[in-house]
Structures are given as structure tokens and as C-alpha cells.
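J.: My questions concern the predicted model and sequence given below.
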Amino acid sequence: MTLQQLEYLVAADRLQHFGRAAQACNVAQPTLSAMLQKLEAELGVKLFDRSARSVRTTDIGQKVVLMAKRTLQAAEGLKQVVQEETHQLGGTFRLGILPTIAPYLLPRFFPQLAHQIPQLDLRVTELKSSALKQALTDGDIDAAILADVEGLEGFNKQTLFYEQFMAYVAEGDALFNLGSIRTFDLRHESLWLLDEGHCFRDQLVRFCSLESAAPSRRCYTLGSIETFMRMVEAGQGVTFIPELALQQLSASQRKLVRPFALPIPTRQVILITPLHFVRTSITDMLAERIRQCVPREMLKLNNTEQRV
């Protein structure tokens, strides 16, 4: 029995398909199938029910998969201890990040990091807050960048920066003529909001009391901030953008931005890891790189901002 066989086993269980599992493991399907058959022969049990369409893990196979995951996590932990003790900034590091943070933050540090530390294989996955927490708990990622919300007591946390919310208003909208936006002003607006489960939406809904205003407004839900921005630019409604997005806007786009009236809703962006995470050299380095790449005024909460 080898760690490679266990990796193949876990992938086949997760994807329920040998072909996709082989692709995920960067190996030919016949090789993966042969290795799993060899594992079954060694253990003397059938791990999968095979059909023409899919693969299903047997009852005893599920128990073996659970143990395989624990074994792989222990093996990875062993490597991490050695890398940390020898001060290596190399190997694979899996970073999860919110979709409402990734497009505005990653371009600021990721290309430079890849160039300056080529031995570090930084793999990034975009997930919502709940999925990031679960991925950390399951050992699928090493660290996560997200907005501070309730329910993160079981993780190590480092504050990276504080980010204001901004309104993005269509030129023909009544709010376009205002210098700043009050939550009261949003009652009768056509709002483009992310779907439920995005903490960016949840924090805005809570701060602006949008739930109580629901009967008097039209609320549209789609997929991304960028899509909503295009709708606003086409002359329809209001959406909201994070402060870092301002750096990527053209002069014509900046004319559509309106700040909130005081106090300004602000989210605390943090880096979290499991409580007993070993490779703190990498997370400390990442945190410092990120703080260096954002405007200095975003590094602390000022008295005009209200944390949401």
C-alpha cells in the first residue's frame, strides 16, 4: 500500500468517476484503475461498485476512504513540519479566497510572488465563506482569505486590511445626483445583489436593513459584481463594490461611485488557518505581502467607518 494509491482512492471517491479522478491526479486512467485494483487485492475487499456510467464507493470502501484521508493529512503534516523547521518557502500551498476579494486583491501580489518565490506552488481556489470554512476543516486548503464573520472561533486569524463598501449608481438614477448614499435612500431602488450565501451581500443587507425594505424595492440576483457593474453602466439600477475595486476603474466608471454617508460600512478582511497549522512562515509572509500591496489607510479602522 502506498500514499499514491490512497490519493487515487480519495480522488475516485470524491469524483465518482475513474476518468475524472485520473485527470485530477495527472495520471493515465489505466494506471489509476490498475493501482486501485491492486489495492483492493492487497486489502482483500471490494472498494468500488463499478458500472458503465459511474463508480460508487462500497460501504467498507467508505471506511477505507476515511482512513486514507487521515493518513494523507498526517503525511502532509509531516512534510510541513520539516519545511517549517528548515525555513523552506517551497512546496505546495493551497489558498482559498472569497470571489468578492479575489479579482481585486490577487493581481496586487500574486504575479510578483510567483516571480520572486518560484519554488512555492501557490494554488488558489475561490469559494464562499461557508465552503472555505469546510475546506479548511477537511484539510482541502491550507489557509483562507475572507471577511471576518461569526463562526470563525475555531481558526487562527490575522487581520489583513479594512475595506469600505461603495455604491455604484447608474447615471440616470436619482441617487446619481447625491454626494453620498444613506441606507434610507435605497428603499425604492432597483438593487443588483449577489445571491444568498455571499457574506458581501449578507453584510450589506444587515447594515442597510434591506430585508425590511424588501416589499418596496425590486431586487435582482445574478452571479458576480462584474456583471452587476455592467448592468449599472448600461443605465439600470444600483449595485455595490468593495473599496479595492476602485483601483481598477476607469475615469468614466469612477463617476458612478458614491460613498456611503457616515458611518461607512466596512468589512475586516482576514487570513485564517486551522488552530494547529504548522507552516506559519508562509502565512506570515503572505499576510505581510498583502498588507504591503494595499493602500496604507486601509490597514486600520478609522472613526468614520463601522465594521459590519
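T.: Perfect, I can see it now.
J.: any idea which residue of this protein is furthest from its center?
T.: In the chain, the residue that sits farthest from the middle, by Cα atoms, centre = their mean, is Gly44; the gap is 40.6 Å.
J.: Tell me how far the residue nearest in space to the middle of the chain lies from Pro103.
T.: Averaging the C-alpha coordinates of the chain gives a centre point, and the residue nearest to it by Cα atoms, centre = their mean is Ile97 (2.5 Å). When Cβ to Cβ, to the nearest Å is the yardstick, Ile97 and Pro103 sit 10 Å from each other. Every residue, glycine included, has its C-beta placed from N, CA and C.
J.: Quick check, the residue nearest to the centre of the chain in contact with Ala147.
T.: No - using Cβ atoms under 8 Å as the test, Ile97 is too far from Ala147 to be in contact (10.9 Å).
J.: got the buried residues for stretch 183-202?
T.: Along stretch 183-202, the positions that meet the burial threshold by neighbour count (16 or more other Cβ atoms under 10 Å) are 185-186, 189-194, 198-202.
J.: mind saving the C-alpha coords of stretch 3-14 as PDB?
T.: Coordinates of each C-alpha in stretch 3-14 appear next as PDB, following Å, rounded to 0.1, in the frame of the first residue of the first chain:
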ATOM      1  CA  LEU A   3       0.400   7.000  -0.400                       C
ATOM      2  CA  GLN A   4      -0.100   7.300  -4.200                       C
ATOM      3  CA  GLN A   5      -2.700   4.600  -4.100                       C
ATOM      4  CA  LEU A   6      -4.500   6.400  -1.300                       C
ATOM      5  CA  GLU A   7      -4.500   9.600  -3.300                       C
ATOM      6  CA  TYR A   8      -6.100   7.800  -6.200                       C
ATOM      7  CA  LEU A   9      -8.600   6.200  -3.900                       C
ATOM      8  CA  VAL A  10      -9.700   9.500  -2.400                       C
ATOM      9  CA  ALA A  11      -9.900  11.200  -5.800                       C
ATOM     10  CA  ALA A  12     -12.100   8.300  -7.200                       C
ATOM     11  CA  ASP A  13     -14.400   8.500  -4.200                       C
ATOM     12  CA  ARG A  14     -14.700  12.300  -4.500                       C
END
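J.: Output the longest strand that the chain contains as CSV, restricted to C-alpha atoms.
T.: The strand that spans the most residues within the chain, counting by DSSP state E, is strand 155-169. Provided in CSV are the C-alpha atoms of strand 155-169 (Å, rounded to 0.1, in the frame of the first residue of the first chain):
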residue,chain,number,x,y,z
PHE,A,155,-9.4,29.1,13.5
ASN,A,156,-6.2,31.3,13.8
LYS,A,157,-6.9,34.8,12.5
GLN,A,158,-4.7,37.6,11.2
THR,A,159,-6.2,40.9,10.1
LEU,A,160,-5.0,41.9,6.6
PHE,A,161,-6.9,45.2,6.0
TYR,A,162,-10.3,47.0,6.3
GLU,A,163,-12.3,47.6,3.2
GLN,A,164,-15.2,50.0,2.7
PHE,A,165,-18.3,49.3,0.7
MET,A,166,-19.2,51.7,-2.1
ALA,A,167,-22.4,52.2,-4.1
TYR,A,168,-22.2,52.0,-7.9
VAL,A,169,-25.0,54.0,-9.4
